[in-house]
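Novice: Test case, fold it:
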Amino acid sequence: TATMASAGARVVTAVSGAVRSLGKTLDSMGASMEVAKYTERLVPSTRIVAVDGVAPTISETAAFVAPSANVVGSVTLGPNSSVWYGATLRGDVNSITVGTNSSIGDRAIVHVAKIQGDLATTIGDNVTVGSGATVHAATLKNGVMVGPMASVMDGATVGPNSIVGAGAVVTPGTSVPAGE
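Specialist: Next comes the predicted model:
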């Protein structure tokens, strides 16, 4: 049986070598027949970017920053907070602060204002900003939930433990009371 095992091993080795050689030949033939040669290059994301020498501050214990998320300029991301796929936090003309245990959902946009008032964005602890939502130069107190595709606009304040429904718009300067 030892000779059968070694004979079997020799057959497998010979066949695998022949198959590997055939694969290389076919790959070479295919490459020579290509009309438009294309080489795919992976481009690293520019997900964490300084603006005017001010770089984002991301807690060493941040839960997660997705590879396709963008964190730009004067942004502070607190412990156990996360920024999901395609989300953008852009602190280019003012600052953004995200507290502890907060989550910025897929494709959400968090920005600041300078032209129509000098307004930063502050997101408290235990806040969830839903996918596709926009928070622009606003304040979200602790425990706020902003639904998917909702917008909270310039100078608005959403009180603690409040919910902004999916697709809702909190207009500029609005103050949403606690628990609403």
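Novice: Relative to the whole chain's centre, how far out is the helix or strand of the chain with the lowest mean pLDDT?
Specialist: One helix or strand of the chain scores below all others by mean pLDDT, DSSP states H and E: helix 2-33, with a mean of 78. Its chain's C-alpha centre and that of helix 2-33 lie 44 Å apart, by Cα atoms, centre = their mean, to the nearest Å.
Novice: pLDDT wise, what is residue 140 at?
Specialist: Residue 140 is assigned 98 on the pLDDT scale.
Novice: just residue 42 next, same as before
Specialist: 49.
Novice: which residues touch the closest residue to residue 121 other than its chain neighbours?
Specialist: Nearest residue to residue 121, sequence neighbours excluded (Cβ to Cβ, 6 or more residues apart in numbering): residue 96, at 4.6 Å. From N, CA and C alone the C-beta is placed, and that goes for glycine too. Listed by Cβ atoms under 8 Å, 6 or more residues apart in numbering, the contact set of residue 96 reads 74, 75, 76, 89, 90, 110, 111, 112, 120, 121, 122, 123.
Novice: Same list (those residues) but as TSV, adding neighbour count and distance to residue 63.
Specialist: Formatted as TSV, these follow (neighbours: other Cβ atoms under 10 Å; distance: Cβ to Cβ, whole Å):
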residue	neighbour count	distance to residue 63
74	22	21
75	27	15
76	19	15
89	28	15
90	20	20
110	26	16
111	21	22
112	24	23
120	17	23
121	25	20
122	19	19
123	30	14
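Novice: which one among those residues gets closest to residue 23?
Specialist: residue 89 (46.2 Å; Cβ to Cβ).
Novice: what phi and what psi does the backbone show at that closest one?
Specialist: Main-chain dihedrals, residue 89, degrees, to the nearest 10: phi -120, psi 110.
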